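**Q** sequence unavailable; structure follows:
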Ligand code: SF4
Ligand code: SF4
Ligand code: FES
C-alpha cells in the first residue's frame, strides 16, 4: 500500500507543462484529464485487487475462499468478507477488533494468533522479527487443545474452569504485607495484562498430552496472586500449585510465550512460581526433587547421574516402573552410567555455582509492559 501511495503521488506530481510537452497539440489536455481519472481508478482498483486464498478448516474438511486484501487488511476482515459476501455459514468469534476482548483467537498458519491483530500481508510476506516465513495460502483452523463447536469456534469452558480453579482473588491471611511502593506491583502488572484469549492454551505442548495440566493462562493467573503483596495465603497457593498438573508439569517449550499477544510470558511466570515454591521449602514432589538433584549432579561432577537421578526423583517404586523404558533405551545402546566421570574444568563449574549461591538471583519480570494498562 505504501508503495502504491508513493506511485500515486509521484504520478500526480508530474508538472503539467512537462506532461504536455510529451503529448501532441490541442487534444492533450482532454486526454490528460481522462488519463488522470483512469489512473485514480486504476490505483484504487489496484489497492483492492490483490487476492489471497484462505484455506479454512470446517469440521473434517478444508474449504478455500479467495479474499481481497491490501496492506492493512487483517485476517479477521478477510473472514468477515467471506461471511458477508461468499458464505454466511462460516462461523467464528470476534467482538472488539482491537486485540482487547480476546475472542478472535484461532490458528493462522499453524500458530495461534488473534485474527484481528494479524495482517494478511504479514502472513504472506513473513515477519523477520518473529522469525516467521510467509506463505502463499493462509490456513485458518480452530484453536488447539479444546473441543471444536463449529468451524473456528471452540469450547472455552475448560480454560475458564482452570483459571477459576486458581481462585483468582486476594485472600485474607497471615502472609499479607502492605506494599511500600509502586514497584511491589510490577510483577502483578505484567501478568494482569492477560485478556483470556486462550492462545497460550491452544499452543501448549504439555496440554496436548496431559488434560490435567492447569495450562499457561491459569498458572500465569496463579502467579499474579502469589506475587501480589496483599495476598495472605501465598505458601498455601504454592503448595497446591506444586501438586500433579501444576507448575512442575510444564515442559518449558516456550510456545506460550511466543503465542501471547500481551507479553504475559506464562512460562516465565511458571519459572518464578517454581523458584518461590522451592524457596518456601515445598520440595516433597517429583518436580522439585528433579530440579534439586539436577543442580547437585552438575555442581558435583558436571554431568548427570541419570539412573540415580531417576531413583532420587521418583523413589524406588517409580524407578521400577521405568524398567521397560530403560530396557528399550539399552536396546538402542543408550545405557547411562551409575558412575559418570567428572568433567574437565569442574573447578570452573564449582566457581560458577559459588557465585550464583552468593548472589541473590533476580528471577523477577523484566518484560516490557505493553498491555492495555501500560504507561
Ligand atoms: S512452556 Fe509450559 S506452559 Fe508454556 S506452552 Fe510450553 S509446556 Fe505449556
Ligand atoms: S496469557 Fe496471553 S495468550 Fe494466554 S490467555 Fe492470557 S493473554 Fe492470551
Ligand atoms: S476481536 Fe477482540 S481480540 Fe480480536
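**A** Now that the structure is in, tell me what you want to look at. These numbers were taken from a predicted model, which means no experiment stands behind them. Ligands and ions are numbered 1, 2, ... in the order given.

**Q** what residues are up against whichever residue of the stretch 1-150 of the chain sits closest to ligand 1?
**A** Proximity to ligand 1, evaluated over the stretch 1-150 of the chain using CB to the nearest ligand atom, is greatest for residue 145 at 9.6 Å. (Each C-beta comes from the backbone N, C-alpha and C, glycine too.) The neighbours of residue 145, taking CB atoms under 8 Å, 6 or more residues apart in numbering as the test, are 201, 202, 204, 207, 208, 215.

**Q** pipe these into TSV and attach distance to residue 320 and secondary structure per row.
**A** Shown next, in TSV, are these (distance: CB to CB, whole Å; DSSP: H, G, I helix; E, B strand; the rest coil):
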residue	distance to residue 320	secondary structure
201	35	helix
202	37	helix
204	31	coil
207	29	helix
208	28	helix
215	31	coil
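
**Q** kindly identify which of those residues also come near ligand 1.
**A** Restricting the contacts of residue 145 to those near ligand 1 by CB under 6 Å from any ligand atom leaves residue 204.

**Q** for the contacts of residue 145, which one is nearest residue 176?
**A** Proximity of those to residue 176 (CB to CB) peaks at residue 215, which lies at 27.4 Å.

**Q** what's the local residue count around that closest one?
**A** Residue 215 sits with 28 neighbouring residues when counted by other CB atoms under 10 Å.

**Q** can you tell me, leaving aside adjacent residues, what's nearest to it?
**A** Leaving aside its sequence neighbours, residue 215 sits nearest to residue 201 (CB to CB, 6 or more residues apart in numbering; 5.0 Å).

**Q** nearest spatial neighbour of the residue of the stretch 1-150 of the chain closest to ligand 1, skipping sequence neighbours?
**A** residue 207 (4.4 Å).

**Q** same check on residue 329?
**A** Leaving aside its sequence neighbours, residue 329 sits nearest to residue 335 (CB to CB, 6+ apart; 7.1 Å).

**Q** number of nearby residues for the one you found?
**A** As a burial measure, residue 335 scores 12 neighbours (other CB under 10 Å).

**Q** quick one: pLDDT of it?
**A** pLDDT, residue 335: 78.

**Q** quick one, phi/psi of it?
**A** Main-chain torsions, residue 335, degrees, to the nearest 10: phi -120, psi 100.

**Q** separation between it and ligand 3?
**A** 52 Å (CB to the nearest ligand atom, to the nearest Å).

**Q** how much space between that residue and ligand 1?
**A** Between residue 335 and ligand 1 the computed distance is 29 Å (CB to the nearest ligand atom).

**Q** what's the answer for residue 356, then?
**A** 23 Å.

**Q** still on that earlier bit, with respect to residue 302, which of the contacts of residue 145 is nearest?
**A** Closest to residue 302, out of all of the contacts of residue 145 and judged by CB to CB, is residue 204, at 32.7 Å.
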